[in-house]
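Asker: below: sequence and its predicted model.
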Amino acid sequence: MAKKNKKGQWGSSFGFLMATVGAAVGLGNLWGFPYKMGKGGGFIFLLVYLVLVFLVGIVMTLQELAIGRKSGKGVLYAYKSVDKRASAIGLFGWLSPLFIIGFYSMLGGYTIKYLAANLGDLLNTSWGINGMDSGEYFTAFYTNSYESAVYTVVFILLIVFIIAMGIRNGIEKFSSVATPALFIMLIIVIARAVTLPGAMDGVRFMLVPDWSLFTPKGIINVIASAGGQMFFSLSLGMGITVTYGSYVSKDDDLQESAVLIPIADTIAAVLAGFATIPAVFAAGLDPGQGPGMLFVTLQTVFASMGAAGPVFGLLFYFLVFIAAITSAVSVMETIVSTTMDITEHHLKHTSRLGVTIGCGLFALIEGVFVSMDGLGSHGFPQIFNQSTWLDTFDLLSEGTLMPIGALLASILFGWVYPGYLDDEISLGSRGGRVLRYFNFCIKWIVPPIMLMVLLGQISAFFGLKWFG
Ligand code: PFF
């Protein structure tokens, strides 16, 4: 019997898959993909996205799962176990979730607020939205620092509770129910969205290919945009997949998981498009992306549905809440896992509960700070030319550390230590052709694409317009 990870192990392949798919399917799928696909070339965007999933997404997912399982460690020590110099990649993978957890929890808190508000409308109580304009309602909420901080705190306490319960009894149990529920709710919402009068304009917006993009510059733009989206959506370069991989049994087939996870994530992204964009067009609104799309545009759609509005609103924000919490749990577990390694290494002792509480307190401080910033509405001093602290933390993680870490990881396994992961990848599975495919892509395809993603991110964060 292979040695078990002391921190815990998944109870079943299904549980592992649900946890990992739940981690990947998050706010990025709901508010990023549909709009980018519609604006970025429709069907052409989808094709480019799929090609990138096969050449980069699957390969990177396999690499991260393999180094996680091979080392049995959280991200910092996983990369350190390859080469001391590679510790930087692990460090970036530990720091990124530390930056992300604050703002992602604030957004998770927003989803609880909207769940409560739609429930309030359904029950006809004073804490509903009560016909208020959706834009004004959202502004009143996020500029109220204390209220948004309270929801953030509630969200963080939920994550801490799930993580404190452990890998099998906490994360796996929760995800095994939540992730399938998410897909079922998506299908129900789609059935309503695409049958609304005028919905077909939205379907057309998403799918109609924009052939004018078939120029060298046009295609480069699509690759940069689709690559960035795929990278974020699969949570690559931030230790999540490494961490979840470290809890996989040596009998499991990593190759199968590395294909299923990106495919399920892509299906969820396309489904999210059909659940939201047609309804937005049916209500005669402009689709957008980010918090405005989720909390203003879609709330306006529900308001336009009359008595059925709060029912679909409740269902929809529950879906968004599930997407956010399974992802936030993975972000937090990545921090906890590495922090447990660090305490074990230096103190010769560690405790999941103690470390979870410590990391939870850190997340609380950060989450309350980002909430009090109220999306930049309270004149907090800002840095790096960003307008909100959400953007600043996002710039530090998604904008820089994550793509740099992933680029360095591909160089590590493509150029410095080629073949290092071969034994782990072929454990309990096929070798031969898969290994050749993996080693080819990680050497020749992933590094240039990751470089493009990095440049695309920097250009987007600083408004440099290098692409598009
Ligand atoms: N992949 C998830 C999403 O699409 O929302 C989770 C996630 C990715 C969280 C990247 C945070 C992050 F920076």
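Answerer: Looks like it arrived, so ask away.

Asker: give me the neighbour count for residue 8.
Answerer: 18 (other CB atoms under 10 Å). All C-beta atoms are positioned from the backbone trio N, CA, C, and that covers glycine.

Asker: tell me the contacts of it?
Answerer: 166, 167, 168, 247 (CB atoms under 8 Å, 6 or more residues apart in numbering).

Asker: kindly recompute the last result at 10 Å.
Answerer: Applying CB atoms under 10 Å, 6 or more residues apart in numbering to residue 8 gives the contacts 166, 167, 168, 169, 170, 171, 172, 246, 247, 337, 352.

Asker: before we move on, what SS does it have?
Answerer: Using DSSP: H, G, I helix; E, B strand; the rest coil, the structure places residue 8 in coil.

Asker: need the pLDDT of it.
Answerer: In this model, residue 8 is scored at 91, pLDDT.

Asker: what's the closest non-adjacent residue to it?
Answerer: residue 167 (3.4 Å; CB to CB, 6 or more residues apart in numbering).

Asker: on that earlier part again, out of the contacts of residue 8, which is nearest to the ligand?
Answerer: residue 171 (14.3 Å; CB to the nearest ligand atom).

Asker: what residues are up against that closest one?
Answerer: Shown in contact with residue 171 (CB under 10 Å, 6+ apart): 8, 10, 15-16, 18-19, 22-23, 162-163, 165, 244, 247, 326, 329-330, 332-333.

Asker: try 8 Å this time
Answerer: By CB under 8 Å, 6+ apart, the neighbours of residue 171 are 19, 162, 163, 165, 329, 330, 333.

Asker: need the residues you listed in TSV (columns: distance to residue 322).
Answerer: Formatted as TSV, the contacts of residue 171 follow (distance: CB to CB, whole Å):
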residue	distance to residue 322
19	13
162	12
163	16
165	17
329	11
330	13
333	17
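
Asker: what about those, which are in helices?
Answerer: Judged by DSSP state H, helices contain the following of those: 19, 162, 163, 329, 330, 333.

Asker: just the buried residues of the contacts of residue 171.
Answerer: Burial by neighbour count, judged by 16 or more other CB atoms under 10 Å, picks out 19, 162, 163, 165, 329, 330, 333 from the contacts of residue 171.

Asker: just to revisit the earlier point, now rank the contacts of residue 8 by neighbours and give me the top one.
Answerer: Going by other CB under 10 Å, residue 337 tops those with 34 neighbours.

Asker: wait, doesn't that one sit right on residue 244?
Answerer: No - if you go by CB atoms under 8 Å, residue 337 and residue 244 don't touch, sitting 9.2 Å apart.

Asker: near the nearest residue to residue 57 once chain neighbours are set aside, how many other residues are there?
Answerer: Setting aside the residues directly before and after it, residue 57 is nearest to residue 262 in space (CB to CB, 6+ apart), at 4.2 Å. Residues near residue 262, counting by other CB under 10 Å, number 27.

Asker: could you do residue 284 as well?
Answerer: Neighbours of residue 284 (other CB under 10 Å): 11.

Asker: enumerate the positions of the strand or helix carrying residue 326 that are buried.
Answerer: For residue 326, the host element (DSSP states H and E) is helix 309-347. Judged by neighbour count (16+ other CB under 10 Å), helix 309-347 contains these buried residues: 309-310, 312-344.

Asker: also stretch 146-164?
Answerer: Applying 16+ other CB under 10 Å to stretch 146-164 flags 147-153, 155-156, 158-160, 162-164 as buried.

Asker: over to stretch 422-439?
Answerer: Those would be 424, 425, 426, 427, 434, 435, 438, 439, for stretch 422-439 by 16+ other CB under 10 Å.

Asker: one step back: quick check: the farthest pair among the contacts of residue 8?
Answerer: Using CB to CB, the contacts of residue 8 span at most 17.5 Å, a distance reached by 169 and 246.

Asker: which residues touch residue 69?
Answerer: Residue 69 touches 245, 246, 248, 250, 254, 424, counting by CB under 8 Å, 6+ apart.

Asker: could I get the buried ones among the contacts of residue 171 as a markdown table with distance to the ligand and pLDDT?
Answerer: Formatted as a markdown table, the buried ones among the contacts of residue 171 follow (distance: CB to the nearest ligand atom, whole Å; pLDDT from 0 to 100):
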| residue | distance to the ligand | pLDDT |
| --- | --- | --- |
| 19 | 13 | 98 |
| 162 | 15 | 98 |
| 163 | 15 | 98 |
| 165 | 21 | 97 |
| 329 | 10 | 98 |
| 330 | 7 | 98 |
| 333 | 12 | 98 |
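
Asker: how about the residues of this protein that lie near the ligand?
Answerer: 24, 26-29, 100, 104, 232-233, 235, 327, 331, 397-398 (CB under 6 Å from any ligand atom).

Asker: quick one: buried ones out of those residues?
Answerer: Using 16+ other CB under 10 Å, the buried members of the residues of the chain next to the ligand are 24, 26-29, 100, 104, 232-233, 235, 327, 331, 397-398.

Asker: quick check, the residue in the stretch 301-450 of the chain closest to the ligand?
Answerer: residue 327 (3.7 Å).

Asker: now do the stretch 51-200 of the chain
Answerer: Closest point on the stretch 51-200 of the chain to the ligand, by CB to the nearest ligand atom, is residue 100, at 4.5 Å.

Asker: give the helix, strand or coil label for that residue.
Answerer: The three-state assignment at residue 100 reads helix, by three-state DSSP.

Asker: please name the residues that touch it.
Answerer: Shown in contact with residue 100 (CB under 8 Å, 6+ apart): 238, 331, 393, 394, 397, 398.

Asker: and for residue 35?
Answerer: Contacts of residue 35 (CB under 8 Å, 6+ apart): 277, 287, 288, 289, 293.

Asker: apply 6 Å and report the result again.
Answerer: Taking CB atoms under 6 Å, 6 or more residues apart in numbering, we find residue 35 in contact with 287, 289.

Asker: same check, this time on residue 312
Answerer: By CB under 6 Å, 6+ apart, residue 312 lies in contact with 192, 302.

Asker: host element of residue 375?
Answerer: Using DSSP H and E, no helix or strand contains residue 375.

Asker: what about it, neighbour count?
Answerer: Neighbours of residue 375 using other CB under 10 Å come to 21.

Asker: so what's it scoring on pLDDT?
Answerer: 92.

Asker: that one touches residue 388, doesn't it?
Answerer: Yes - with contacts counted by CB atoms under 6 Å, residue 375 reaches residue 388, the gap being 5.0 Å.

Asker: distance check, the closest residue to residue 65 other than its chain neighbours against residue 54.
Answerer: Excluding the flanking residues, the one nearest residue 65 by CB to CB, 6+ apart is residue 245, at 3.6 Å. Going from residue 245 to residue 54 by CB to CB, to the nearest Å gives 20 Å.

Asker: neighbour count winner among the two?
Answerer: Under the criterion of other CB under 10 Å, the comparison of residue 245 against residue 54 puts residue 245 first, with 29 against 15.
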